[in-house]
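Engineer: Below: sequence and its predicted model.
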Amino acid sequence: MGPRSASAANPARLSLADWVARSMQSGCALPAAALLTSMISTDYYGHVQPRRKRAPADIDPRSQAAYTLTEAAHHLRLSSGTLRSWVVGRPYPTTVGPRTFAALIRPASKQPLMLSFWDLVEAHVLRALRQDHQVKVEALHKALRYAEDTLQIDKLLLRKDLLAAPGRLFLDRYGDLIELSASGQVAMRKVFEQHLHRVDWDGRSLPIRLYPFVSVEGASDVRPIAIDPAVAFGRPIVHRAGVSTQAIAERLDAGESVTDVAADYDLTPAEVEQAAVYERAA
């Protein structure tokens, strides 16, 4: 009898495909299927993909990569270019050549570029600080560093402290650096507060839920849509019922009426319309 192959001598060296084939041939279909099931999963939209490694128990899932840049920009009613400049940085010209502003948000994953739920919240807060649709990046870096160093607070943009004295200190410093008028500072604080009241925090003053604006322009106090990492894989839902806004929009696009969709999900027609506006807002 000739020498056995390395893979025959050592089953651990078998490829996954060979192992599954041999298991099927020997009648061990159930273990083979179980292994495959353990190695693949389906995402929120039903697409098959490799199963991600489970995060260690001490890693908060809210800090884990969950959204592409395009998804995050859509959820927050921001342009992809604006959000990219906040998480990657932005080049700018100088007399000695081009330089790059440092990123304002450290994304959960750089390769591929993916954002976590907490990254979404930081971007939501930054959205409140735009002046003429631009964030003064250098001034914001200085104001954040000043407030965090002075008060010994890490990642201030995530903290409920923004609603108290640390937030006021940060805003005052930022307003001074960009030379905002007194009326401009009042207006900025008002917009800032509106954004913060669309976040729920846990007992450690860290975000657990975000209520994004339904439309680009809207600054309503109504919070019908939520993003909750513990519900629907962190995708936007109608908060009262936990129904995916994308599922609602797809059913409407397929020709179903607002009334029928509302009845199926136990929603009001207004909630169905708000979900549609949120999904299709530019």
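Structural biologist: Thanks, I have the structure now.
Engineer: make it CA atoms for all contacts and neighbour counts henceforth
Structural biologist: Will do.
Engineer: And stretch 99-118, what's buried?
Structural biologist: Under the neighbour-count criterion of 16 or more other Cα atoms under 10 Å, stretch 99-118 has 102-108, 114-118 buried.
Engineer: pLDDT below threshold where in the stretch 101-250 of the chain?
Structural biologist: Along the stretch 101-250 of the chain, segments meeting pLDDT under 70 span 131-134, 216-220.
Engineer: what about the strands in the protein?
Structural biologist: 40-42, 48-50, 67-68, 90-92, 99-101, 114-115, 199-201, 207-210, 225-226, 237-238, 243-244 (DSSP state E).
Engineer: which helices and strands sit right next to the fourth one?
Structural biologist: Under the contact criterion of 3 or more Cα pairs under 8 Å, 6 or more residues apart in numbering; DSSP states H and E, strand 90-92 touches strand 99-101.
Engineer: partner strands of the strand it packs on, parallel or antiparallel?
Structural biologist: Within its sheet, and counting by DSSP bridges, strand 99-101 is paired with strand 90-92 (antiparallel).
Engineer: Mean confidence (pLDDT) on the partner strand, please.
Structural biologist: Strand 90-92 comes out with an average pLDDT of 78.
Engineer: contacting residues around that strand?
Structural biologist: 98-103 (Cα atoms under 8 Å, 6 or more residues apart in numbering).
Engineer: please redo it, this time with the cut-off set to 7 Å
Structural biologist: Strand 90-92 is touched from outside by 98-101, with contacts defined as Cα atoms under 7 Å, 6 or more residues apart in numbering.
Engineer: So which of the buried residues of stretch 99-118 sit within helices?
Structural biologist: 117-118 (DSSP state H).
Engineer: Pick the one among the buried residues of stretch 99-118 closest to residue 276.
Structural biologist: Taking Cα to Cα as the measure, residue 276 lies nearest residue 117 of the buried residues of stretch 99-118, at 22.3 Å.
Engineer: What residues does the closest one make contact with?
Structural biologist: If you count contacts by Cα under 7 Å, 6+ apart, then residue 117 has 62-63, 229 around it.
Engineer: For the strands of the chain, state which one has the densest average packing.
Structural biologist: strand 225-226 (a mean of 26; mean count of other Cα atoms under 10 Å).
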